[in-house]
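> Sharing a model that was predicted from the sequence below.
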Amino acid sequence: QAQLVESGGGSVQAGGSLRLSCSTAGVKYNTNCMNWFRQAPDKEREGVAHISTGGRIISYADSVKGRFTVSQDNARNTLYLQMNSLKPEDTAMYYCAAGWVGPSGCQYQYWGQGTQVTVSS
């Protein structure tokens, strides 16, 4: 059973925007790092945006820099991904994951079931 729940996906035209949400309310233990991943058909999973240590560390994949913004609202137990200037190549299933920072980076313990984003040209 997924303990993270994504929402906000949909179909948009190129140049449009979507905001994805990831509820962490189902996670029993506090986590300190979260990530948005995406996976398109016949492609490997790609890390899109990372946030950790209370938002002090944020990073993006080169393919989305300047277009996507990750943020978190701890009061609402929600992680967001604002996606602007969407391109057809952004089409994928988007997943959020949460975990704890370890010696080799974030160790993801919780995953959502994903939300589909489709961008048409």
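Received it, and whenever you're ready, just let me know what you need.

> ok, residue 50 to residue 99 distance?
To residue 99, residue 50 is 11 Å away according to Cβ to Cβ, to the nearest Å. Just so you know, the C-beta spots here come from the backbone N, C-alpha and C atoms, and that holds for glycine as well.

> Would you mind listing the residues touching both of the two?
When contacts are counted by Cβ atoms under 8 Å, 6 or more residues apart in numbering, residue 50 and residue 99 are jointly contacted by 33-34, 106.

> ranking those by neighbours, who comes first?
Most neighbours among the shared contacts of residue 50 and residue 99, by other Cβ atoms under 10 Å: residue 34, with 23 neighbours.

> ok, it - contacts?
For residue 34, the contacting residues are 22, 24, 50-52, 72, 79, 96-99, 106, by Cβ under 8 Å, 6+ apart.

> So which of these are in strands?
22, 50-52, 72, 79, 96-99, 106 (DSSP state E).

> which of the residues you listed count as buried?
Using 16 or more other Cβ atoms under 10 Å as the burial test, those include 22, 50-52, 72, 79, 96-99, 106 as buried.

> want to try TSV for those, with distance to residue 6 and pLDDT as columns?
Formatted as TSV, these follow (distance: Cβ to Cβ, whole Å; pLDDT from 0 to 100):
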residue	distance to residue 6	pLDDT
22	5	96
50	16	96
51	15	93
52	19	89
72	14	91
79	9	94
96	6	96
97	10	95
98	12	94
99	16	92
106	18	91
